[in-house]
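K.L.:
3D, please:
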Amino acid sequence: MTLGSRTRIQGEPSVTKPLRKAVLPVAGLGTRFLPATKAMAKEMLPVVDKPLIQYAVEEARAAGIEQFCLVTGRGKTAIVEHFDIAFELEATLRQRGKEADLRNLRSWQMEPGAMVTVRQQEPLGLGHAIWCARAFVGDDPFAILLPDDLVLSQTPCTMQLANAYYETGGCVVAVTEVPRDQTNRYGILDIGADDGRLAEVRGLVEKPAPEDAPSNLSIIGRYVLMPQVIQHLSRMERGAGNEVQLTDAMAKMIGTVPFHGLRYEGRRFDCGDKIGFLEAQIAFALKRPDMAEAVKGFLKNYCAEL
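P.N.:
Have a look, this model is predicted:
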């Protein structure tokens, strides 16, 4: 039996529930991008010609996600409106014969009732934001996507996590290797059995010193979690920064459900950081057949001036 596989009695039905729900925390203020985010949600910042939130939703839909919960705050109404039907815009495109633009617009619109929102009235941490979606989660497994983390990959990152979830039947988090001397910046996994792709999670350590770090595997903003995490979050226990930490609640599930870290295929860009955001613009533009040559051209010009 390979790591992550589960034995089943012949003829016994699978007990793994389909992964159909995703929670997207989008209540943050985006202060690192002021003044751009003074009147605009940071999740609406575009990478090339598509806002960050749309990348996240499209990635989740590619993994079979059908229901979405946006955990919002004040000033975030534009996110919801982005996924609504814009009758005037569609009529204008139709009148001008821009059928390709119209088809593209309709291709990512939500089905009626597929997207709901809840409010996080106070910024009490990521764990608190996920707890705010407790009624939406119910008794089902669910994905979490942090739109700030943008992943460029052959197979969408959430699809990779979903496949690992169906293999293991438990919690799966996307992980990446970080330099050993930078472990004090991240949440780090303490791992057991490891086949190079899936690593068994024995513990989670928040920002350990390099000499104390159990590994150099860091969690990024993609998760598939079991609904039991809500029970732990409901205790409202404060952790680092005096906030309700999702990491702390996840750690309490270790040993009660299968828990693995997945070394995902792809490159992650931290779009909550200005340099990461600018790098993502270039990387995604270079993947566009309609833009790649022009982008290469101006990059060569700038590099020649250095």
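K.L.:
buried sites along stretch 33-46?
P.N.:
Using 16 or more other CB atoms under 10 Å as the test for burial, stretch 33-46 gives 33, 37, 40-45. All C-beta atoms are positioned from the backbone trio N, CA, C, and that covers glycine.
K.L.:
ok, residue 212 - how many residues close by?
P.N.:
When counting by other CB atoms under 10 Å, one arrives at 10 neighbours for residue 212.
K.L.:
over to residue 197?
P.N.:
By other CB under 10 Å, 17 other residues sit near residue 197.
K.L.:
need phi/psi at the nearest residue to it once chain neighbours are set aside.
P.N.:
Setting aside the residues directly before and after it, residue 197 is nearest to residue 263 in space (CB to CB, 6 or more residues apart in numbering), at 5.6 Å. Dihedral angles of residue 263 (phi, psi; degrees, to the nearest 10) stand at phi -80, psi 100.
K.L.:
report how many residues lie close to residue 263.
P.N.:
Using other CB under 10 Å: residue 263 sits among 16 other residues.
K.L.:
for it, give me its contacts.
P.N.:
Residue 263 is in contact with 175-177, 196-199, 217, counting by CB atoms under 8 Å, 6 or more residues apart in numbering.
K.L.:
quickly find the element holding residue 81.
P.N.:
Using DSSP states H and E, residue 81 maps to helix 77-82.
K.L.:
ok, residue 285 next?
P.N.:
helix 274-286.
K.L.:
then residue 191?
P.N.:
strand 187-194.
K.L.:
quick one, helices of the stretch 151-300 of the chain?
P.N.:
Secondary structure of the stretch 151-300 of the chain (DSSP state H, counting those that start in this stretch): helices located at 157-168, 229-233, 246-251, 274-286, 292-305.
K.L.:
now the ones you listed in JSON lines, with mean pLDDT and mean neighbour count?
P.N.:
Converted to JSON lines, the helices of the stretch 151-300 of the chain look like this (pLDDT from 0 to 100; neighbours: other CB atoms under 10 Å):
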{"stretch": "helix 157-168", "mean pLDDT": "96", "mean neighbour count": "22"}
{"stretch": "helix 229-233", "mean pLDDT": "95", "mean neighbour count": "20"}
{"stretch": "helix 246-251", "mean pLDDT": "91", "mean neighbour count": "22"}
{"stretch": "helix 274-286", "mean pLDDT": "96", "mean neighbour count": "16"}
{"stretch": "helix 292-305", "mean pLDDT": "92", "mean neighbour count": "10"}
